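Asker: After the sequence you'll find the predicted model.
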Amino acid sequence: MTTIGIIPGDGIGPEITEAAIQVLRAAAPGLTYEYLPVGHVAAAGSGDPLPDQVMDRLRELGVVLKAPLEAPKGTGRIVKLRPDGHRVYPSINNAVRRELELYANVRPVHAVPGVGRPGAELDLMLVREVSEGIYSGIEHRIGDVAQAIKIATRPAWERIARFSFELARERGYDRVLLGHKANVLNLTDGLELEVVRTIAADYPDVELQDMMVDALGQAIVRGDVPRSVVLLDNQYGDILSDVAAAVIGSVGLGPGANYGADVAVFEACHGAAPDIAGTGKANPVGLILSGAMLLRHLGDHRAAEAVEAAVRLVLGERRALTPDLGGSATTGDVTAQVVAALDEVDEAVAVRA
Ligand code: NAD
């Protein structure tokens, strides 16, 4: 029996975690769940937001469903003591990814007809490099002067480029589209472009395109980016994945997965939304679809497809929409509708399987 590590998160985290687990229980009854405290909850007990025994257990389990964790503005730095010294991370979410050595954050953007901006028919797999970039957290401030250093290394970009081309092959995309700003950041983004071009030579069946990230942002908002795996650095990926999710309807729709060599963490692309915590307004779809990515990672393609099809049915037929999508349904209503729709889609998925 497979056990999934659960980080229930802050703000709307516990509500959407409950929703996602309810759908997972219905779609794949054989899984068990183990709640593990990270962030404020852990710090309140032990003083450490990333307790060693919790991080070791997450590594041991290898598959984790994570809700968003709050990171205070300007003061959210995490210092993790290790036997070989200490590491400083700019935020708790960055710390979880880097402590677990996750490097590829995949955020699918699949428009559902009838939801989101008319004409925004995006079908993208955003791949965000999350082990380095400007979010490495190397900052200095002396009085009124502050600096941040952007890190780009050849090994990390070879790894993320290969990951992106492999993902394109696996999921049937014939293009990798790199977003960068090599016309300004000549050395950092320039290195990224150079490395991705080199790796592309090993994948003649997948086309490589590149675009300035600002032009790419425009194209995403217009909804006319061709079907692609879109490769972005840590910060560009952070920003454009929220933008893309909003274009197809709401940031609450965006799922995600973070992959490393040994651990995979599944989390929605949005944050903890403290403004709507406890109101029942949280859209659970981003985390429910992250659960579908988790099922696919476990090899249960049929259950993954069933969850995705159930969500498409509920949204496409407007059976239950939370307020961010213009409806008045609660988190619980959407969850119940997705669970009910699993029975309807199960047959269709079984026929295709
Ligand atoms: P946010 O994504 O939490 O919220 C932005 C807006 O989107 C808010 O109006 C919110 O109500 C809405 N929203 C977000 N998710 C929604 C959902 N599922 N359903 C309906 N509406 C939703 O971004 P923020 O306000 O900048 O951040 C809040 C906190 O979350 C901060 O502490 C931030 O550091 C943290 N955060 C965590 C992660 C993560 O855990 N990976 C990611 C981003 C932000």
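Answerer: Yep, it's here.

Asker: Next one: the residue of the chain most remote from its centre, what pLDDT does it get?
Answerer: Relative to the C-alpha centroid of the chain, counting by Cα atoms, centre = their mean, residue 143 is the outermost residue, at 35.8 Å. Residue 143 carries a pLDDT score of 98 in this model.

Asker: Which helix or strand contains residue 146?
Answerer: Per DSSP states H and E, residue 146 falls inside strand 145-148.

Asker: Given that strand, what are its sheet partners and their directions?
Answerer: Sheet pairing of strand 145-148 (DSSP bridges) gives strand 139-142 (antiparallel).

Asker: quick one: contacts of the partner strand?
Answerer: For strand 139-142, the external contacting residues (Cβ atoms under 8 Å, 6 or more residues apart in numbering) are 90, 146-149. All C-beta spots, glycine's among them, are computed from the backbone N, C-alpha and C.

Asker: hmm, 10 Å instead?
Answerer: 77, 88, 90, 146-149 (Cβ atoms under 10 Å, 6 or more residues apart in numbering).

Asker: and the spatially closest residue to residue 171 that is not a sequence neighbour, helix, strand or coil?
Answerer: Spatially, and ignoring its direct neighbours in sequence, residue 171 is nearest to residue 125 (6.3 Å; Cβ to Cβ, 6 or more residues apart in numbering). Of the three states, residue 125 takes strand under DSSP: H, G, I helix; E, B strand; the rest coil.

Asker: where's residue 125 relative to residue 161, distance?
Answerer: To residue 161, residue 125 is 14 Å away according to Cβ to Cβ, to the nearest Å.

Asker: now swap in residue 247 and tell me
Answerer: Distance, residue 247 to residue 161, by Cβ to Cβ: 26 Å.

Asker: go on, residue 140?
Answerer: Going from residue 140 to residue 161 by Cβ to Cβ gives 30 Å.

Asker: More neighbours: which of the two?
Answerer: The neighbour count for residue 140 versus residue 161, taken as other Cβ atoms under 10 Å, is higher for residue 161 (25 against 9).

Asker: The more buried one is in contact with residue 232, isn't it?
Answerer: No: with contacts counted by Cβ atoms under 10 Å, residue 161 stays clear of residue 232, the gap being 12.0 Å.

Asker: Tell me how far the residue in the stretch 201-350 of the chain that the ligand sits nearest to lies from residue 219.
Answerer: Closest residue of the stretch 201-350 of the chain to the ligand, Cβ to the nearest ligand atom: residue 271 (2.4 Å). With distances taken as Cβ to Cβ, residue 271 is found 25 Å from residue 219.

Asker: domain parsing for this structure?
Answerer: The chain breaks down by automatic domain parsing into domains covering 1-116+251-348, 134-247.

Asker: and among these, the most buried is which?
Answerer: Ranked by mean neighbour count under mean count of other Cβ atoms under 10 Å, these are led by domain 1-116+251-348, which reaches a mean of 19.

Asker: What's the mean pLDDT across it?
Answerer: Mean predicted confidence for domain 1-116+251-348 is 95.

Asker: show me the contacts for residue 325.
Answerer: Applying Cβ under 10 Å, 6+ apart to residue 325 gives the contacts 112, 115-116, 249-250, 252-253, 283, 285, 315, 318, 334.

Asker: and the closest residue to residue 153 other than its chain neighbours, what pLDDT?
Answerer: Excluding its sequence neighbours, the residue lying closest to residue 153 (Cβ to Cβ, 6+ apart) is residue 132, at 6.4 Å. Listed pLDDT for residue 132 reads 97.

Asker: isn't residue 132 right up against residue 97?
Answerer: No: taking Cβ under 10 Å as the definition, residue 132 is not a contact partner of residue 97, at 11.0 Å.

Asker: Need the overlap of contacts for these two.
Answerer: Common contacts of residue 132 and residue 97, defined by Cβ under 10 Å, 6+ apart, comprise 103, 234.

Asker: Give me the distance from stretch 148-164 to the chain's centre.
Answerer: The chain centroid and the centroid of stretch 148-164 are separated by 18 Å under Cα atoms, centre = their mean, to the nearest Å.

Asker: hey, C-alpha coordinates of that stretch in CSV?
Answerer: Extracted as CSV, the C-alpha positions of stretch 148-164 are listed here (Å, rounded to 0.1, in the frame of the first residue of the first chain):
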residue,chain,number,x,y,z
ALA,A,148,20.2,40.1,-5.6
ILE,A,149,22.3,37.7,-7.5
LYS,A,150,20.8,35.5,-10.3
ILE,A,151,22.4,32.1,-10.5
ALA,A,152,22.4,30.1,-13.8
THR,A,153,24.6,27.0,-14.1
ARG,A,154,25.3,24.7,-17.1
PRO,A,155,24.5,21.4,-15.1
ALA,A,156,21.1,22.8,-13.9
TRP,A,157,20.1,24.0,-17.4
GLU,A,158,21.2,20.7,-19.0
ARG,A,159,19.1,18.8,-16.5
ILE,A,160,16.0,21.0,-16.9
ALA,A,161,16.4,21.2,-20.7
ARG,A,162,16.5,17.4,-20.9
PHE,A,163,13.6,17.1,-18.5
SER,A,164,11.6,19.4,-20.8
